[in-house]
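Chemist: okay, predicted coordinates and the sequence, questions at the end:
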Amino acid sequence: MEHPLHLFGYCPRCGSNNFGINDFKSKKCHDCGFVFYFNALAATVAVIFNSRGELLVARRAKEPAKGTLDLPGGFIDSFETAEEGVAREVSEETGLSVASCEYLFSLPNKYIYSGFEEHTLDLFFACKVTDERLPRANDDVEQLYWMPLETIVPEQFGLQSIRKGVTRILEMYKK
Ligand SMILES: [Zn+2]
């Protein structure tokens, strides 16, 4: 397996090209001693049901996995809690306001972005919204649908962790 930082050829501190593999998840500069670790990025996924028990599903507007189904969510910003992050992403992508959310489970994922393989830890939250009418697709989302659980096919979800998460959600909530 290729080192996760193989694209990083120079020390980000001093610019030296003597930036070598330290261990399987870090590189070290042999000139200034700087050590850089490759860690998973935290991300959130929103699981939102309406009063009919239908799940809010998005169609991805952008790569990776453009055009496939997805759930609302995204990366957590610095200094943000996961709960704040999921509420912000839901607001940005759907226009809906999250009243409360509850942590469900997490799944690791790999995500190619600008030619670099990001590793994420996707935190799934069950979110209640203040008003389920008129979700508006925005930002990374092309379209939004309320889907009855019996019509949901996990294979239509392009991102691996979301596909697994949807399978788990169906097991948890499908009657
Ligand atoms: Zn250096």
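Modeler: Right, received. Where do you want to start? Residues are numbered from 1 along each chain as shown.
Chemist: now the top strand by length along the chain, how far from the centre of its chain.
Modeler: Ranked by residue count under DSSP state E, the longest strand found in the chain is strand 98-113. Strand 98-113 sits 6 Å away from the centroid of its parent chain (C-alpha atoms, centre = their mean, to the nearest Å).
Chemist: what residues does this structure have near the ion?
Modeler: Selection of the chain residues close to the ion by C-beta under 5 Å from the ion yields 11, 13, 14, 16, 29, 31, 32, 34. To be clear about C-beta, it is placed using only N, CA and C from the backbone, and glycine gets the same treatment.
Chemist: is it true that the last one touches residue 18?
Modeler: If I follow you right, that is residue 34. No. Applying C-beta atoms under 8 Å, one finds residue 34 not in contact with residue 18, separated by 10.8 Å.
Chemist: before we move on, the earlier item: helices and strands around the longest strand of the chain, which ones?
Modeler: Using 3 or more C-beta pairs under 8 Å, 6 or more residues apart in numbering; DSSP states H and E as the contact criterion, the neighbours of strand 98-113 among helices and strands are strand 41-48, helix 82-94, strand 116-129, helix 160-173.
Chemist: hey, which of those is tucked in deepest?
Modeler: Ranked by mean neighbour count, the helices and strands packed on strand 98-113 are led by strand 41-48 with a mean of 22 (mean count of other C-beta atoms under 10 Å).
Chemist: any idea of the angle the helix or strand following that one forms with strand 41-48?
Modeler: Toward the C-terminal end, the helix or strand that comes next after strand 41-48 (DSSP states H and E) is strand 55-60. Here strand 55-60 runs at an angle of 130 degrees relative to strand 41-48 (axes from the mean of the first three to the mean of the last three C-alpha atoms, to 10 degrees).
Chemist: contacts for the following helix or strand past strand 55-60 next, please.
Modeler: Of the helices and strands lying after strand 55-60 in sequence (DSSP H and E), the nearest is strand 69-70. Strand 69-70 has contacts (C-beta atoms under 8 Å, 6 or more residues apart in numbering) with 57, 58, 59, 60, 141, 156, 157, 158, 159, 162.
Chemist: give me that answer again for 10 Å
Modeler: Outside of strand 69-70, the residues within contact range by C-beta atoms under 10 Å, 6 or more residues apart in numbering are 45, 57-61, 93, 140-143, 145, 147, 152-159, 162-163, 166.
Chemist: repeat for stretch 128-141
Modeler: Outside of stretch 128-141, the residues that reach it under the criterion C-beta under 10 Å, 6+ apart are 46, 48-52, 54, 56-62, 66, 70, 72-74, 87, 89-102, 143-146.
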